[in-house]
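Asker: need a 3D model of the following:
(one chain, ligands or ions: 1)
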Amino acid sequence: MRTDTGQVFKLEDYRPNDYLIPETSLTFRLSPEATRVIAVLTIERRDGVAALVPLLLDGDGLTLIRVAIDGHELAPADFLATPDQLTILQPPATTRFQLLIETELAPARNEALMGLYRSSNVYCTQCEAEGFRRITYFLDRPDILSVYTVRIEAKRDEAPLLLSNGNPADSGALADGWHYAGWHDPFPKPSYLFALVAGALGKLADSFVTMSGRTVELGIYVEPGKERLAGYAMDALKRSMQWDEEAFGREYDLDVFNIVAVSDFNMGAMENKGLNIFNDKYVLADQETATDADFANIEAIIAHEYFHNWTGNRITCRDWFQLCLKEGLTVFRDHEFSADQRSRAVKRIAEVRTLRAHQFPEDQGPLAHPVRPRRYREINNFYTATVYEKGSEVVRMIRTILGAETFRAGMDLYFERHDGEAATIEDFVKVFEDVSGRDLSQFSLWYHQAGTPNLTVSSTHNASAQEFTLEIEQSVPPTPSESRKRLMHIPLAFGLVGAGGKPVAWRGVEGAVVEDGVIHIRKRRHMVRFSGVAERPAVSLNRGFSAPITLSVEQRADDQFFLAAHDSDAFSRWQAFNTLLTDALIAAFRQTLGGKQTEFTARLTGLAGKIAGDETLEPAYRALALALPGESDIARDIGKSIDPDAIFSGREALALAIAKANRDTFASLYDRLADDGPFSPDAASAGRRALRNTLLDYLALLPGGATLAAEHFRAATNMTDRAAALTVLAHRHHGAPEAVKALADFEAKYGSDALVMDKWFQIQASVPGPQTVYAVRALTSHPAFSMANPNRVRSLIGTFSSANQTGFHRADGEGYRFFSQTVLEVEKRNPQVAARLATALRSWRALEPGRQAKAREALLAIAGAENLSADLRDIVERTLA
Ligand SMILES: [Zn+2]
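Answerer: Sure thing, here's the model as predicted:
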């Protein structure tokens, strides 16, 4: 574990290394406690660099056995070795030489899950961002591209399967029951994409014929006996390969493509060239054990990692500041894939909900940073919603501005111009400038400036002049170390909506460039005048969420109700209803509506009933519309002096009002949606289940609700329905005999299935109310729980701290105290997972003063702990700053 050195890495300090490593040959002799790694590196001095410049290689906790250059072992005086660095003091004067380094590792004792480690007796690796330096000394930075040849040796009975990147080479038997396998990857790659897997695994095999007619052998490796559960992942992989050919013209390039599922994994999955390694939760699924959300996640993540083969692997990042170059772009690509496989409108709403729930609070708090950061202390902490989700939104805006065809031409040019290179955001933006002839310099601020821009909009209609005017003003709030902001280029998609939801035409427009339904906001203030508009329209703004911004719109409630019923843009229609719900919840929190509340609520509950029963809308869409804004969404919109208990009460009251007002509509729809056919994970079937389970959540609030939910639980034929009913019972009827029985039945049935038990932990960790902290503390001693496994920790501790507003933010600070102790306990094993957990308090300054003080104490307790890792110190210190 690296402790904090306090070193800050800055974008402006980038310079190419003096040396290159064009070829890397690695031999592993695997053993749990003493694995030997022999790395033979072809080192090349870069043109123009003076001879004899010392060569500095990165390490992290390494034990060096020997070093040799061109076959001659180095004497101790010729090099300096610490666990974290190897310096060759006087490299040969030749421009090219061979450096041999032998190191020894103990994968069985590697609990940080970075570098080479063991998970359920399987050797595997995780090298992004800086894990390769835990295997051997190397120039462990993404602009060092190398061709890798790998040989793995292991005891055959311990590891019958030996995998690495690229294509398989030779293999065979060795003495004493050992065997070996060779792999060669012809595509130069950075060290973070290196991977090795060895162990006894089951295989699901298939193949794919690419657009040029080459056959690629596909393999998904899982725990033996679970091959059947990889079927959906395999199907998603083949659809991804097909889609990337059709949508982006990208063909797969090796003879084999392998995926391995492991049970101990810090992230979701990793795109190592030709050998993706996955958290098993994103591979294994069937109707008995996985929910519809799990199926959708598997599809999206399989696609995401596969798409990295071009956006990330063939074209990689020059340095870690460019992380969004691969991540934002690849998230955009997987979003488009899912939109094509499922419902575009539903997918977009879900994306925006995720962005607002995770990226907006990040952008509005102490951890705010630009999509392309300029400095970091620990790169592991920059795998953030800003880099991924906002990074994807920025790519989407480029497409909105240029149009789909020009965007595709830009992508083609990007692949053509930068294939085989380590590129930058500037390179990426340049291809779009080159194909379109447009100047995107103001637009590029989306990459360089943190904070969520806000647009204030008001409208006036002059009937006699037949003129409709939008007054739009932009502002970007200050963020840490960026107090003054520059004006952004914001593509604001919009529509003027007239009677019956018909678009309103206009004769002319002035005050801003308006093209293809988009107003281009570039100045602080625009007066956008539409002429020839006889009737006052309702204005639908930021259609399709064309820009990741917040809107402050002076708009009559009548217009919102009208748009919620009639907007032809599905996203904006959902948005209008969601805004009305949010307004009602904020008014309940502030107790500002008084007598008007009843009338407003009545209109709202009436509209909820209409949406629920509107057969012209997809069930999945209706389910999303009926889901009330989350407690943390409401808190974010309120912004300060947050009392989570008051938000919770207001939300419960509105839910009850909606349930009471629509009892009959909801009940009959609930009955009609009862599942009749065989299970299918497709989007339409999942949508029907989602709507029915949303209705259950409302109906469970009414008398007889516990019985209804218990029956739903009993009759469930798939995990989606079973988990939904269990959630309703545990949350709405906490402590009731029906809830207690269902939790016990679930545990009895799935106690030995770790991934399913994660749901059981999650459901209990998110039970609202002050008592949950004790339940969660007790569950840390449950036999199915382990502090060493990231999935378990995220299910129980992560859910409690990030998705349980009333439980975690208990007024007396007990939730925070439990949290700080647990974060420090996790950190002893796995600093990366601990640092991620610690971000749960990033919005602490928005709390009311009492909770704020207690949250600060908890953060200080973490910050004051001895030997804090770089990962965790970075997060707590920035959060407290
Ligand atoms: Zn990725």
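
Asker: residue 474 and residue 451 touch, don't they?
Answerer: No - counting by CB atoms under 8 Å, residue 474 does not reach residue 451; the two are 11.5 Å apart. Backbone N, C-alpha and C define where each C-beta goes, glycine included.

Asker: can you list the residues of the protein near the ion?
Answerer: In this structure, the chain approaches the ion at residues 327, 330, judged by CB under 5 Å from the ion.

Asker: okay, and for the chain, where does confidence drop off?
Answerer: In the predicted model of the chain, residues 1-5, 593-595 satisfy pLDDT under 70.

Asker: and the longest helix seen in it, what's buried?
Answerer: In the chain, assigned by DSSP state H, the helix with the most residues is helix 570-590. Residues of helix 570-590 classed as buried: 570-589 (neighbour count, 16 or more other CB atoms under 10 Å).

Asker: how about stretch 283-297?
Answerer: Across stretch 283-297, burial judged by 16+ other CB under 10 Å covers 283-287, 289-292, 294-297.

Asker: gap between the two ends of it?
Answerer: 9 Å (CA to CA, to the nearest Å).

Asker: contacting residues around the residue of the stretch 51-200 of the chain found nearest the ion?
Answerer: Of all residues in the stretch 51-200 of the chain, the one sitting closest to the ion is residue 128 (8.9 Å; CB to the ion). Counting by CB atoms under 8 Å, 6 or more residues apart in numbering, residue 128 makes contact with 192, 193, 270.

Asker: now tabulate those in a markdown table and tack on distance to residue 218 and secondary structure.
Answerer: Output for the contacts of residue 128, formatted as a markdown table (distance: CB to CB, whole Å; DSSP: H, G, I helix; E, B strand; the rest coil):
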| residue | distance to residue 218 | secondary structure |
| --- | --- | --- |
| 192 | 23 | helix |
| 193 | 19 | helix |
| 270 | 17 | strand |
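
Asker: out of the residues you listed, which end up buried?
Answerer: Buried residues within the contacts of residue 128, counting neighbours by 16+ other CB under 10 Å: 192, 193, 270.

Asker: return the member of the contacts of residue 128 nearest to residue 671.
Answerer: Of all the contacts of residue 128, residue 671 sits closest to residue 270, with 45.1 Å by CB to CB.

Asker: verify the stated contact: the closest one with residue 305.
Answerer: Yes - Residue 270 lies in contact with residue 305 (CB under 8 Å); the separation is 7.1 Å.

Asker: identify the contacts common to those two.
Answerer: Both residue 270 and residue 305 are contacted by 276, 278, under the criterion CB under 8 Å, 6+ apart.

Asker: any idea which helix or strand carries whatever residue of the stretch 451-600 of the chain ends up closest to the ion?
Answerer: Among the residues of the stretch 451-600 of the chain, residue 548 lies closest to the ion, at 18.8 Å counting by CB to the ion. Assigned by DSSP states H and E, residue 548 belongs to no helix or strand.

Asker: got phi/psi on it?
Answerer: Main-chain dihedrals, residue 548, degrees, to the nearest 10: phi -80, psi 80.

Asker: now for it, how many residues are close by?
Answerer: For residue 548, the neighbour count with other CB atoms under 10 Å is 25.

Asker: return the distance of it relative to residue 446.
Answerer: From residue 548 across to residue 446, the span is 8 Å (CB to CB, to the nearest Å).

Asker: also residue 355?
Answerer: In terms of CB to CB, residue 355 sits 14 Å off from residue 446.

Asker: neighbour count winner among the two?
Answerer: residue 446 (25 against 21).

Asker: isn't the more buried one up against residue 488?
Answerer: Yes - applying CB under 8 Å as the test, residue 446 and residue 488 come out as touching, 6.8 Å apart.

Asker: any residues in contact with both of those two?
Answerer: Counting by CB under 8 Å, 6+ apart, residue 446 and residue 488 have no shared contacts at all.

Asker: do a quick rundown of the strands in the stretch 651-800 of the chain.
Answerer: Using DSSP state E, counting those that start in this stretch, no strands are assigned anywhere in the stretch 651-800 of the chain.

Asker: which ones are touching residue 453?
Answerer: Each residue near residue 453 by CB under 8 Å, 6+ apart is listed here: 474, 475, 476, 488, 490, 547, 549, 550.

Asker: which of these count as buried?
Answerer: Applying 16+ other CB under 10 Å to the contacts of residue 453, the neighbour count classes 474, 476, 488, 490, 547, 549, 550 as buried.

Asker: for the closest residue in space to the fifth one that isn't next to it in sequence, which residues are in contact?
Answerer: In this structure, residue 547 finds its nearest non-sequential neighbour in residue 490, 4.8 Å apart by CB to CB, 6 or more residues apart in numbering. With contacts defined as CB under 8 Å, 6+ apart, the neighbours of residue 490 are 453, 455, 474, 520, 521, 522, 547, 549.

Asker: nearest to residue 333 among those?
Answerer: For the contacts of residue 490, the nearest to residue 333 is residue 547 (19.5 Å; CB to CB).

Asker: burial measure for residue 420, as a count.
Answerer: Neighbours of residue 420 under the rule other CB under 10 Å: 11.

Asker: isn't it up against residue 316?
Answerer: No - in this structure residue 420 lies outside contact range of residue 316 using CB under 8 Å: 9.2 Å.
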